[in-house]
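Undergrad: I would like to see how this sequence folds:
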Amino acid sequence: MEKPYTGRPIINDLYNGIEIIIPAYRPAAFFVRSIGAFGLSAILGYYFWAGKAQTVQSEHIDGFSIIMVCLVGIGLLFLLYAFWWVIAGKEVVTVADGALTFEKKNAFEKAVSYDLHSATNFRAVQEVVVNDRGRQFYNGYPWQVAVKGTVKFDYGVDTIQFGDQLSEAEGNYILERLRDKKLIS
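TA: Numbering: from 1, shown residues only. This next block holds a predicted model:
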């Protein structure tokens, strides 16, 4: 008999609330694309840097080579940051003492707290973003990690979300645990 899937979120009970740890989504396609992008960047960097350096005088490097090396370097930095998030990143959501706090570990973002008394309409809605060929893709900038979310709530006139790439069942499980502890209504 097959065991039921327990999900990605790790839910820890605290004495005054709940801590939810959601490891970063690790799609296999991301690793294949990352390796391909890194290889392409290395080849382009080598071609433009080493190839141009051999054809011009040793004291003269043209502006195009410098721009290409800088662009490839910036692209590699974004790639390494996204790769680091996929390997070591996690969303940590703490609901305690009338506050809901989001923290993205191993990302360049500050922790954000929300007053639970102002938060309303908690719900779980799975968002699947597809392109015209029916494939799932990441919709965001390389420096944005975990910008989508399955668990949503209204905070004033804004919709806040967390739980990037969780299924709707996982989101409902998180909300059920929060309601059982009487942390949200």
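Undergrad: make it CA atoms for all contacts and neighbour counts henceforth
TA: Noted.
Undergrad: ok, what's across the strand from the residue nearest to residue 124 when sequence neighbours are not counted?
TA: What sits nearest to residue 124 in space, not counting adjacent residues and going by Cα to Cα, 6 or more residues apart in numbering, is residue 151, at 4.5 Å. For residue 151, the beta-bridge partners are residue 124, residue 162 (DSSP bridges).
Undergrad: and residue 151, what is it in contact with?
TA: Residue 151 sits next to 122-125, 161-163, 171-172, 175 when contact means Cα atoms under 8 Å, 6 or more residues apart in numbering.
Undergrad: separation between it and residue 123?
TA: Distance from residue 151 to residue 123, counting by Cα to Cα, to the nearest Å: 6 Å.
Undergrad: now residue 76
TA: Residue 76 is 37 Å from residue 123, where distance means Cα to Cα.
Undergrad: Can you show me the strands along the protein?
TA: 10-14, 17-23, 90-96, 99-105, 112-115, 119-124, 151-155, 158-162 (DSSP state E).
Undergrad: The protein: helices as residue ranges?
TA: With DSSP state H, the ranges of helices along the chain come out as 28-46, 52-55, 63-88, 168-180.
Undergrad: Strand 17-23 and the third one, what's the angle between them?
TA: Direction vectors for helix 63-88 and strand 17-23, defined by axes from the mean of the first three to the mean of the last three Cα atoms, to 10 degrees, enclose an angle of 130 degrees.
Undergrad: mind checking how far helix 63-88 is from the chain centre?
TA: 17 Å (Cα atoms, centre = their mean, to the nearest Å).
Undergrad: what touches both of residue 151 and residue 123?
TA: By the contact definition Cα under 8 Å, 6+ apart, residue 151 and residue 123 are jointly contacted by 171-172, 175.
Undergrad: Just among the residues you listed, which is most surrounded?
TA: residue 171 (23 neighbours; other Cα atoms under 10 Å).
Undergrad: May I have the residues that are in contact with it?
TA: With contact taken as Cα under 8 Å, 6+ apart, residue 171 is in contact with 123-125, 150-151, 163.
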